[in-house]
Structure formats: structure tokens, C-alpha cells
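A.B. asks: Mind folding the following:
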Amino acid sequence: MSVLRTSMRNFVAHKGRMVLSGLAVLLSVAFVCGTLVFTATMQATFDRLFTESASNVMISAADREADGSFDNVDLTGRPVTLPASAAERLGGLDGVSDVTGIVASQSIVAVDSENENIGPTTGAPTIGASWSELELRTMEVVEGEPPAGPGETMIDKDTADEKGLEVGEQVRVLSVTGDHAMTITGIAKFKVTNPGAAVLYFDLPTAQQVLLGTGDAYTQIAVDAAEGVGDTELKEEVVAALGTEDFKIQTADEYIEENRSELAEVFGFLQWILLGFAGIALLVGIFLIVNTFTMLVAQRTREIGLMRAIGASRKQVNRSVMLEALLLGLVGSVLGFAAGLGIAVGLMTLMGALGMNLSTDDLTVGLAVPVIGIVVGVTVTLLAAWFPARRAARVTPMDALRDAGTPGDVRAGRVRTAVGGGMLVLGLGALVLAGGATSASAGGLWLAVGVVLTLIGLVLAAPALVGLVLGALSAVLLRGFGSIGRMAERNALRNPRRTGATASALMIGLALVAGLSVVGSSMVASATDEIDESLGADYIIQTSNWMPILPEAAEAVRSADDLAAVVGVSEVEGTVTGPEGAEFEQRLALTTPGYPAMMDTPVVEGSLSEALESGGIALPTDTAEKHGLALGDQLTVRLQDAAGPATVTLRAITEEPAFDNSGAFLGEDTAASVLEPEQMPLPWGLFALAEDGRTDQARASLESALEAYPQMEVRDQADFKELIQQQVGQLLNLVYGLLALAIIVAVLGVVNTLALAVVERTREIGLMRAIGLGRRQLRRMIRLESVVIALFGAVLGVAMGLAWGGAAQQLLALEGMEVLEIPWPTIITVFIGSAVVGLLAALVPAFRAGRMNILNAIATE
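C.D. replies: Model prediction:
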């Protein structure tokens, strides 16, 4: 109990010195708990949506492979359907209460009276669906009436509010079946979450004609059971009536679980990404906590020595420090859990701004969340305090005669330096092997090993680098400040281990920033070079949300003036059978013989133009080698949904370029010979070549022709490069935002080190003030010390990040990212930002130091 009382007294007595360490634990645990609550709430919200909307038995088309790369979107523009006769056959079953045919599609565009796209700008789809009584389970009509005939539609309230739409307004619905004028007759509000989509409802016949182009099909059938009939019993009746060859028949629970598991994969991926960044913040926080307890132990050397002199054992001293860490971890974790709820609510608010309205009434906080948060926070704190606790246990009774601090704190240990240097060399070697790897899997493994080894090695070796790097930085930055600058330099050098740990915390976040910026810049530079070398088209025409291009929009492009040629590219999945009967799945780009003029695809053998003629095919080198195929081989291709196979000749073997999806091509004429017109996939992009000397006129003509289709975007090569740069930039900004927590914790580490150093040097500061050092000079000295420590972390972080980024780029060169680009503006910004961080971190410690009473400071033990 005496050890516990001592720990409690020390914790309370030094609570001010532990505030920043506790804040680091709080922030990290808050991010962990906030992530868990946020993802659980999203999952629970969608579970409720699926539960509310599901009938006892749900029927859809039998499973088939995803069509191309657009999840849940059929590239023909028409969703997979069920015959309406199936619903009629179910109506007479004994266990059936009601059968409802449903029609829904995401392949539509809605345009208001001002020719503005009313769909979401966040990437969520615009959904067209048939209205029925079933929709009242999840929707409530709040204004007007549901649609009751042709030319009528009802829109969701979120979209209506955002776009300023009212009952009675005119909208146009563009679909694969044409351009349809509609009048808004009603507005419906979600009873559960709005998944972020814009939703337009039609009566069933209108939905069938607008979305499917036929009146005898549904996309889904919902079957409600008669009273007393269970879901499983009803499913057996439906299976007996329809069979399972062409239908996927599920009970409500099976339907809910399938949808839940699909979303769980997405939410799980998101959760692990967020937890990964929380882990980085926790790692950075370890350095802060280690520094805190190391400095507290050093400052209490005399106290601990006296405890040893009056009988305290090493175990008791060790236990005392670990109990303080336990208290710190518990307090920080409990407060972090509470703050995590605020973070979860904040993330939900952010999702609301993006169109997905999540209610705080659905906030899902399981028992595991606080348990995980407390376990993580306490474990990290105890691990961080373990080394300082061992150091405290080694204090002898004779140390009570010394001033605070021990000689062993002055220099980094030789063993630590040797181990760190060895790991650093091994890590750099692994990065070199990663850059020189010939396969992505082997290179990825070497890259991971290299990142871990260099990180640990540089952390261990950082104290040994303090003298060298700080000496160079001081010569450039501090010498101009005269004696104040020299004192700041010596203060930073007096404890290399402490300075190294403080800088290492900042180094981790900055290394990730630098490494990712190298990869991002190299990606943009490589894509730019690829466009310059390969893209022959003057214009690329695509939809703003990367959906397939609807037929009328494509026809508008083809009819534009001042164009020499227009080539579309679509995708289809197929099964290829070789001469020996071996089969393999292959994604194929469908296009015309004019494609090579638009996009220069490297060809190893044969001619791509000939391969795109009727009866030809082109395959990439690795596919041909893997299946033993040679130019001139006769192959059989069965396209998805085709009535029969097509016999083709391998007329070209291509390299697998970075810009194309796969390097495998099939001519549109060949596909049209085995697919019905409505089965032909819509193009994901159109390439246009202007007539000689008519480039500007061609663009004006294209924009004029597409004026009625606001979802379409016309880009020249410069625009396309800018688009890639924007997309990579947005991704990097997102990552930088997630890394901000680690940077904040690292800044707290700098503040913490300086604040404790001021306490540790109280008498020294008093003596300097007594012999004439002014308050402004004192504050400037502390600020300069902080700046040079922050820049030391920046130097180590940028150096390590450049090594990581360079190795990653060399590895990604195997996938076509061949240009290494160093983002010097970002690197310079990192250094300037680090200096600013150093200045800000020193504000409070410098202010407190300047306010010290000189006599009281001198009298401090």
C-alpha cells in the first residue's frame, strides 16, 4: 500500500507535468474509439435500412460475374432483369400474401429545368426506382403525391432541398432508353438513413419503360408471406415454383446478411485504415510518454535515492513508476473514450455534408469500444514507461547526493547506436532490393522490411546523430543570434537521447508525408509522360462520375462538327479458349480499328488495327506467355450474356501498358456478331480527333453538342493531366489530414520536452537571469532550441521519407510508374512548417520561463 500511496502522491504532485502525455493518450484513444463507434454506427444504420426494406422472400437474377469494373452498374445501361411472368406464377401460391415487382437502376441522369445535373457530386449514384407500397417501409411522402402515370416522378427530400426543387417543377431523366420529360408530383423523406444517393420514383409501368425499355420485366421481386407462414417455408414454395437456375431466392435474413456482409467489407477496410493512422499516433505518443517519465525520473533522482536509502527495493521503485503510468493511462483512456464519441459524431456530421445523413439517435456504442480504448491506452502507456521505470530502479542510495539527472543521460549508449546503425544499414539494403525487384510481390515484401528496419534503426540511432545534424543546423540558423544562439544549441545538445526521442516523434509523421508525396508526384509525372507519349486524341469525353456514356450523349458527340474521327472504348468480360482447349477469364476492351490513332498501345507482335477488325483479338504478353499462345492462333471467345461463342484469330500481342486496363482488345464488330444490340456495353469514354487546324472549333462544337447532357465533360490533354493531378492531390490531402493527429501528438512532444526542460533548468535559468539575461533573450533562446529540435526531426523524416518514396517508385515502375519525381515544393513546405511548429511549440514554455521569479528560481533544489 505504501508504494500505491507514493505513486498516487507523485502522480498528483506532478500532474501538471503529465498533462501533455495524458493528452497524447487521450487523442490517440479518442481516434481509436471514434473510429470503432463511427463504423459500427454506419453498419447498424444500413442494417436497419436492409431490415426495414426486406420482404419475407427476395428474388433477383442468378449470380453472375461483375460486368467490367463498375460495381453494381451494368455496362449496357440496363440492369439484369427477371421475367414478369415469374411474379405471376407466385401469386397463386398458398403461402404468399403479396407479390411485388420492383424496378431499379443506377444508370440514369436527372437534369433540372436549368440544365443542371441534380445527382450527387460525391460519387454516390442517381437511382431510378418504381414506387410501391413497399417503399413506405423506408420512405414517407411529405409533400405532394406519389407518381401515378407517364411523365410523373417523385424525388427524395434531401435532393430536393439541396437542389431547390419543388412539386410541379420539370426535370429530365436521361437513361439508356432516351430523354424523358418528367414533372415532380411529390417529395419523399427517408425514414432511415439516406445513403447519399439521389432517388427518383416512377410508377411501375413508367419505370419499366424508362429504365428497362420493356414492360414485361423486373429487376427484383419481393414476396410477402401469408399469416402463419415462415420465411423458410415460403422460400421452399418459391423455389419449387421457380427453380434456382435463373433465380437467386433468399429469405429476409439471407438477403439482409448478404447486403450486410458486402458493406461490412467496405466498412472493415475503412475501419482498418483509420485504425492504422490511430496506430501511428499511438506510436508517436510513445516517444512523448517515454520522454516525460525519463525526465521525471531524472528530476526525482535525489528523491528516489532517498527512498532507496530508507529501505525501498528496486522492485518497489519500479512498481511505483509503473503505477504512475497506469494511472496516466487510465485517466487518458477514459477521457479519450468520451472524446471518441465526439469524434464519431463529428465524422457523422462530415458524412452528412457529403450527402449521407446519419442520425446520432443510431449512435452504436458496444461494450467492446471502451474496453478496447482503455486496454490500448493503458498498454501503450505502460510499454512507454517500462524503460524509464527500469532506469529509476537502478538509482542507488548514493545518487541522493547528486543533483537531478544522471551522467548516464548525457550520451546515447554505444550498444543502442550500434544496433540502430546496423538496422539502418540493413533497412537501406532492403529498400535497394525492393527497388531492384523483378516481381511486385517480392518487392513489396522487401519494401515492408526496409520501412520497418529503417524506422527502428533511425529511432535508435537518432541520439548519435544529434551532434552532427544539430551542429550543421546551428551553424546555418543559430550562430547569427550570437550567445543566445550558442546557448540554444548547447541546450539542445546537452541530452542527445531526449532530443533524439523528441525529434523522432516528429520524424515519423514527416517521413510518411515525404514518402507519400514522392509516390504521388511520381504517379502524376508518370501519367503525364504516358499521356504525352501515347495519347493521340485531341479530346477525351467522359461522364463526370465515371459512369458509362448513355447512347444519346454518345450520338451527340459523333454528330459534332469539325471532328475527323470519334472512337469509343467499352469493356466486357469474356472466357477465352485456346487451341488446346484451356480456358481463362479475360477482361476485354471493345473498340474499333481507329483506336490506335487515338491511343498508342505498344505492340510486341502483329497489328492492333488488324486485331480490331472483325474476327481478330489482341492479348497482352504475359497472358499469351502464360497460356502458350502465339500470333495466328485460333481462339474461341464467349462474352458475358452472349448467345454463343465467337471464333477469333490472335492478330496482336501487346505490352501491358499503364494507361489501358489490361492490354486485351476485341473489335466491336466481333462483339456485335454474338451480342444483341441491347447487350452491347456502353462506352466508358470517347476519344475525338479534330480536323487539321480546327482544334478550337472542334471543342466548341463538342461542348455545344453536349449542352443538353450536363453529366458529360470534354477534356483535352492538358485538362486530363490536370484531372489526374487533382485526383492524386485529393488522395494525398486526405492522407495528410489523417496524419495530422500524429503530427499534433509530435508537436505536443516538443512542447512537453521544452516545458519539462524549463522545470529541470529552473535554477540555471534563475542564475542566467541574475547575471543579466533578459526575458526576451531567455524566450528567444527557448524558441531557437525548439526550432532546431523540430528541424532535426524534419531532416531525419524527410531523408527517410525520400528513401521510402524512391524505393516505392522503383517498385511501382513494374506497373508502369516509371518516372521518379521529387516534390521539392512539398519538401520545402515541410521544413518551413517544421520551423513554424518549433516556434509555436515554444510559446508556452518560453512564456513561463520568462515569468519566473529570479530569487525563487535560484533557491530551487
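A.B. asks: Could you use CA atoms for every contact and neighbour count after this?
C.D. replies: Fine.
A.B. asks: Ile484 contacts Gln777, doesn't it?
C.D. replies: Yes - here Ile484 reaches Gln777: they are 6.8 Å apart, a contact under C-alpha atoms under 8 Å.
A.B. asks: quick one, which of those two is more surrounded?
C.D. replies: Ile484 (21 against 16; other C-alpha atoms under 10 Å).
A.B. asks: Which residues outside the helix or strand where the more buried one lies are in contact with it?
C.D. replies: Ile484 belongs to helix 482-493 when assigned by DSSP states H and E. For helix 482-493, the external contacting residues (C-alpha atoms under 8 Å, 6 or more residues apart in numbering) are 466-467, 470-471, 474, 478-479, 499, 777-778, 780-782, 784-785, 788-789.
A.B. asks: Just the C-alphas of the strand of greatest length in the chain, formatted as CSV.
C.D. replies: Secondary structure of the chain read by DSSP state E shows that its longest strand is strand 563-577. In CSV, the C-alpha atoms belonging to strand 563-577 read as follows (Å, rounded to 0.1, in the frame of the first residue of the first chain):
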residue,chain,number,x,y,z
LEU,A,563,-14.1,16.1,-85.9
ALA,A,564,-12.1,13.8,-88.1
ALA,A,565,-12.8,10.7,-86.0
VAL,A,566,-14.5,9.5,-82.9
VAL,A,567,-13.7,6.2,-81.2
GLY,A,568,-15.5,4.7,-78.2
VAL,A,569,-14.0,2.2,-75.7
SER,A,570,-16.1,-0.1,-73.6
GLU,A,571,-15.4,-3.2,-71.5
VAL,A,572,-16.7,-6.7,-71.4
GLU,A,573,-15.9,-9.9,-69.5
GLY,A,574,-15.2,-13.0,-71.6
THR,A,575,-14.0,-16.6,-71.4
VAL,A,576,-11.2,-17.3,-73.9
THR,A,577,-10.5,-20.9,-75.0
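A.B. asks: buried residues in the helix or strand following it?
C.D. replies: With elements assigned by DSSP H and E, the helix or strand that comes after strand 563-577 is strand 583-591. Across strand 583-591, burial judged by 16 or more other C-alpha atoms under 10 Å covers Gln586, Arg587, Leu588, Ala589, Leu590, Thr591.
A.B. asks: remind me which residues of the stretch 1-150 of the chain are low pLDDT?
C.D. replies: Along the stretch 1-150 of the chain, the parts satisfying pLDDT under 70 run over 1-17, 63-74.
A.B. asks: if you set the cut-off to 80 instead, what comes out?
C.D. replies: Along the stretch 1-150 of the chain, segments meeting pLDDT under 80 span 1-18, 20, 63-74, 121-124.
A.B. asks: just the helices in it please.
C.D. replies: Using DSSP state H, counting those that start in this stretch, the helices of the stretch 1-150 of the chain run over residues 2-13, 15-53, 84-90.
A.B. asks: Next up, the contacts around the nearest residue to Val29 once chain neighbours are set aside.
C.D. replies: In this structure, Val29 finds its nearest non-sequential neighbour in Gly336, 5.0 Å apart by C-alpha to C-alpha, 6 or more residues apart in numbering. Shown in contact with Gly336 (C-alpha under 8 Å, 6+ apart): Val25, Leu26, Leu27, Ser28, Val29, Ala30, Cys33, Gly373.
A.B. asks: for this structure, what helix or strand is lowest in average pLDDT?
C.D. replies: The helix or strand of the chain with the poorest confidence is helix 2-13; it has a mean of 64 (mean pLDDT, DSSP states H and E).
A.B. asks: Tell me which of the helices of the stretch 1-150 of the chain is the most buried.
C.D. replies: Greatest average neighbour count among those goes to helix 15-53 (a mean of 24), per mean count of other C-alpha atoms under 10 Å.
A.B. asks: Quick one: list the elements packing against it.
C.D. replies: Helices and strands in packing contact with helix 15-53 are listed as helix 252-299, helix 314-353, helix 368-393, helix 717-760; criterion 3 or more C-alpha pairs under 8 Å, 6 or more residues apart in numbering; DSSP states H and E.
A.B. asks: give me that answer again for 10 Å
C.D. replies: Judged by 3 or more C-alpha pairs under 10 Å, 6 or more residues apart in numbering; DSSP states H and E, helix 15-53 is in contact with helix 2-13, helix 252-299, helix 314-353, helix 368-393, helix 717-760.
A.B. asks: export those helices to JSON lines and tack on distance to Leu512?
C.D. replies: Below are the helices and strands packed on helix 15-53 laid out as JSON lines (distance: least, C-alpha to C-alpha, whole Å):
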{"stretch": "helix 2-13", "distance to Leu512": "35"}
{"stretch": "helix 252-299", "distance to Leu512": "10"}
{"stretch": "helix 314-353", "distance to Leu512": "23"}
{"stretch": "helix 368-393", "distance to Leu512": "21"}
{"stretch": "helix 717-760", "distance to Leu512": "8"}
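A.B. asks: Among the ones you listed, single out whichever gets nearest to Phe831.
C.D. replies: Among the helices and strands packed on helix 15-53, helix 717-760 comes nearest to Phe831, with 13.6 Å by C-alpha to C-alpha.
A.B. asks: Could you give the average pLDDT over whichever helix or strand comes after that closest one?
C.D. replies: Following helix 717-760 in sequence order, the next helix or strand is helix 762-770 (DSSP H and E). The predicted model gives helix 762-770 an average pLDDT of 84.
A.B. asks: Going by neighbour count, list what's buried in stretch 117-127.
C.D. replies: Under 16+ other C-alpha under 10 Å, the buried positions of stretch 117-127 are Asn117, Ile118, Gly119, Pro120, Ala124, Pro125, Thr126, Ile127.
A.B. asks: how near is the residue nearest to Val29 to Ala344?
C.D. replies: To Ala344, Gly336 is 12 Å away according to C-alpha to C-alpha, to the nearest Å.
A.B. asks: The contacts of helix 482-493 in helices, which ones?
C.D. replies: Those of the contacts of helix 482-493 mapping onto helices are 466-467, 470-471, 474, 499, 777-778, 780-782, 784-785, 788-789, per DSSP state H.
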